[in-house]
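Peer 1: Just need the structure, nothing else, for what follows:
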Amino acid sequence: MNEVLEKSKAAKFASRKLANIPTKIKNQALQMMAEALDKNAKDIIDANSIDLEAAEKKELSRSLIDRLSLDGKKIKGMIDGLYMVKNLSDPVGEVLSEWRRPNGLKISKIRVPLGVIGIIYEARPNVTVDSAALCLKAGNAAVLRGGSDAINSNIMLTKVIREAAYQAGIPDGSIQLIEDTSRFAAEDLMSMREYLDVLIPRGGKNLIQTVVQKAKVPTIETGEGNCHAYVEKTADLKMAGDIVFNAKVSRPSVCNAIETLLVDEAIASKFLPDIFKRLIEAGVEIRGDEKVLAIDKTAKLATEEDWATEFLALILAVKVVSGVEEAIEHINKYGTKHSETIITKDKKAAKYFEDSIDAAAVYWNASTRFTDGGEFGFGAEIGISTQKLHARGPMGLAELTSYKYVVHGAGQIRVA
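Peer 2: Numbering: from 1, shown residues only. All right, here's what the predicted structure looks like:
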């Protein structure tokens, strides 16, 4: 039996027990997992250093190495995430609605776990902990398959949290890591329809599209973020500059960073020189349309491909637009339905933007960098869904459940 099949079967068996585990035990497991991460921080960082050394030898991009690296601060972030998930309400068993029919039947709609959740992800080892924690609290078994660049980190992290969870009373088999990082193992996981209830890809465009197109398991599409900031003509320009700078520079390698800046033509000549100075000093490469180049001749001419690209780097595409209509048209054409923001004092323009933009998260006078499970109060996230069925936006505990109808009667039979 191959590794993927064996671990998927084990997760399916465990999920049946895990669905009925009391909240108290799940919370105790999360507590012990957090304590174990703290206790084993050195071993985790040592394992991560092996991955980082290999990444340097392969000359991976700085943005990829940033996502791959672990240090004390990032481990503390994972620990804090575990405590946040612990403190959240358990969604399992929640009665969503309840009613009685004229024939006396009492019908209850009750939240239940999805079952077994498979996650295929790339070079972000913190996903291992976040995913396991959220799946566990929502009563689901997890089958994790990270990328080869983070394999040593993922093996160590899984070992640490799995042992802690099982000691707390979580069923053996509930947290599985596929250690085979070949594409064949990934494709095997995509075919495990008998054992997996849903598959969630987290990573770049190529990974997501491969999973969506090849998977036989139901899939939730996540991640790709070609996000935009639109500075409307009435915007507070200092506020706009701070938001744009934060959304691009604070962490350019993540999916909620902006990749395109749209600026109203009425303020372009006043706003762009100052924000370009800040961005260029921070190492950002500007790629603009002809109107942008007329304002700053050091910018490169943007191509059609640039408008549709998630750079995940210090590169920003910039376009001057005639107004809110053109901004909305551009975003809905090139965006990936992730996160979009408008900076404006005009309430009508903001409302029109909010109503017209097709995205999981739409902001008014705030950075797109807040599209995150922790920032939304979910404790952590298993991904950011860019689709509309079942889940949209940061996926927390509620999004990792389904529901069933429980019907109570007193001998009723249907006669027609």
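Peer 1: drop to CA atoms for contacts and neighbour counts, all remaining ones
Peer 2: Fine.
Peer 1: following the helix or strand bottoming out on mean pLDDT in the chain, which helix or strand comes up?
Peer 2: Least confident helix or strand, the chain: helix 62-68 with a mean of 84, by mean pLDDT, DSSP states H and E. Counting by DSSP states H and E, the next helix or strand C-terminal to helix 62-68 is helix 72-87.
Peer 1: can you list the residues that contact that next one?
Peer 2: Applying C-alpha atoms under 8 Å, 6 or more residues apart in numbering, the external contacts of helix 72-87 come out as 26-27, 30-31, 33-35, 37-38, 41, 45, 126, 129-130, 133-134, 137, 374, 378-380.
Peer 1: Tell me where this structure is predicted with low confidence.
Peer 2: Scanning the chain for pLDDT under 70 picks out 1, 379.
Peer 1: how is it carved up into domains?
Peer 2: 3-220+395-408, 227-370 (automatic domain parsing).
Peer 1: Kindly present these as CSV, with separate columns for distance to Arg414 and mean neighbour count.
Peer 2: Shown next, in CSV, are the domains of the chain (distance: least, C-alpha to C-alpha, whole Å; neighbours: other C-alpha atoms under 10 Å):
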stretch, distance to Arg414, mean neighbour count
domain 3-220+395-408, 10, 20
domain 227-370, 43, 20
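Peer 1: Which of these sits closest to Thr386?
Peer 2: domain 227-370 (5.5 Å; C-alpha to C-alpha).
Peer 1: what about the strands in the stretch 51-200 of the chain?
Peer 2: Here the stretch 51-200 of the chain has its strands, by DSSP state E, counting those that start in this stretch, at 95-100, 106-113, 116-121, 141-145, 175-177, 198-202.
Peer 1: Just put those in a markdown table and tack on distance to Ala294.
Peer 2: What follows is those, written out as a markdown table (distance: least, C-alpha to C-alpha, whole Å):
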| stretch | distance to Ala294 |
| --- | --- |
| strand 95-100 | 57 |
| strand 106-113 | 56 |
| strand 116-121 | 42 |
| strand 141-145 | 48 |
| strand 175-177 | 53 |
| strand 198-202 | 39 |
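Peer 1: Now the phi/psi pair for Ser339, please.
Peer 2: phi -140, psi 130 (degrees, to the nearest 10).
Peer 1: wait, doesn't it sit right on Trp364?
Peer 2: No. Between Ser339 and Trp364 there is no contact under C-alpha atoms under 8 Å: 11.1 Å.
Peer 1: Phe228 - that's part of a helix, no?
Peer 2: Wrong residue type there; residue 228 is His, not Phe. No. Applying DSSP: H, G, I helix; E, B strand; the rest coil, one finds His228 to be strand, outside a helix.
Peer 1: Contact partners for it?
Peer 2: His228 sits in contact with 258-262, 331, 335, 339-341, where contact means C-alpha under 8 Å, 6+ apart.
Peer 1: Which pair of those residues spans the longest distance?
Peer 2: Once C-alpha to C-alpha is applied, these give Leu262 and Ser339 as the farthest pair, at 14.1 Å.
Peer 1: all strands of the stretch 301-416 of the chain, in order?
Peer 2: Under DSSP E, counting those that start in this stretch, the stretch 301-416 of the chain gives strands at 315-321, 339-343, 361-364, 384-385, 393-394, 401-408.
Peer 1: Could you find the closest non-adjacent residue to Lys300?
Peer 2: Nearest residue to Lys300, sequence neighbours excluded (C-alpha to C-alpha, 6 or more residues apart in numbering): Arg287, at 4.6 Å.
Peer 1: so that neighbour bridges to which residues?
Peer 2: Taking DSSP bridges as the rule, Arg287 bridges to Lys300, Ala317.
Peer 1: where along the stretch 101-250 of the chain do the helices fall?
Peer 2: Taking DSSP state H, counting those that start in this stretch as the test, the helices found in the stretch 101-250 of the chain are 126-137, 151-167, 183-190, 205-214, 237-249.
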